[in-house]
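Engineer: Fold the following for me, if possible:
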Amino acid sequence: MNTRRAAVIVMLVTLIALAPVVSHEFTTWDDNYNLLQNPHINPPSVDGLKHLWTNAWMHLWVPLTYTIWSAIAAFSFDPHWFHTANLLIHLIAAVTTLCLLRRLKFSVHASMVGALIFA
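Structural biologist: Numbering: from 1, shown residues only. The predicted structure follows:
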């Protein structure tokens, strides 16, 4: 098996496992604090985005995610768009994990297992 095929498998397994999240509403766990009540995202602004790139919010520093959330928030606070974006980010992270493990000279199979455990 080559790395490309392993990447496809990682994406498919991750997508099958996590795709249902796209139809979910916001949760009461942390969506209120990190998104809906976050004054740096709601309403979205350039100043808010600058703040999120240089400071943690609620002890969480994820500037790329916040940038994507801000872009979505500029158009809609529909939870389905946020969940879809998070799923795509996670797919990219899972494949990046596979590539990183391959670059560290792990076998294709070991790298795929590592990426699937991450996902």
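Engineer: After the least confident helix or strand in the chain by mean pLDDT, which helix or strand is next? Please name it.
Structural biologist: Lowest on mean pLDDT, DSSP states H and E among the helices and strands of the chain sits helix 31, with a mean of 91. Moving toward the C-terminus from helix 31, the next helix or strand (DSSP states H and E) is helix 46-54.
Engineer: tell me the domain ranges of this structure?
Structural biologist: As recorded under automatic domain parsing, the domains making up the chain are 28-76, 78-119.
Engineer: Buried deepest among those domains, which one?
Structural biologist: Ranked by mean neighbour count under mean count of other C-beta atoms under 10 Å, the domains of the chain are led by domain 78-119, which reaches a mean of 16. Using the backbone N, CA and C atoms, a C-beta is placed for each residue, glycine as well.
Engineer: now that domain: how far from the chain's centre is it?
Structural biologist: For domain 78-119, the separation from the chain centroid amounts to 10 Å (computed by C-alpha atoms, centre = their mean, to the nearest Å).
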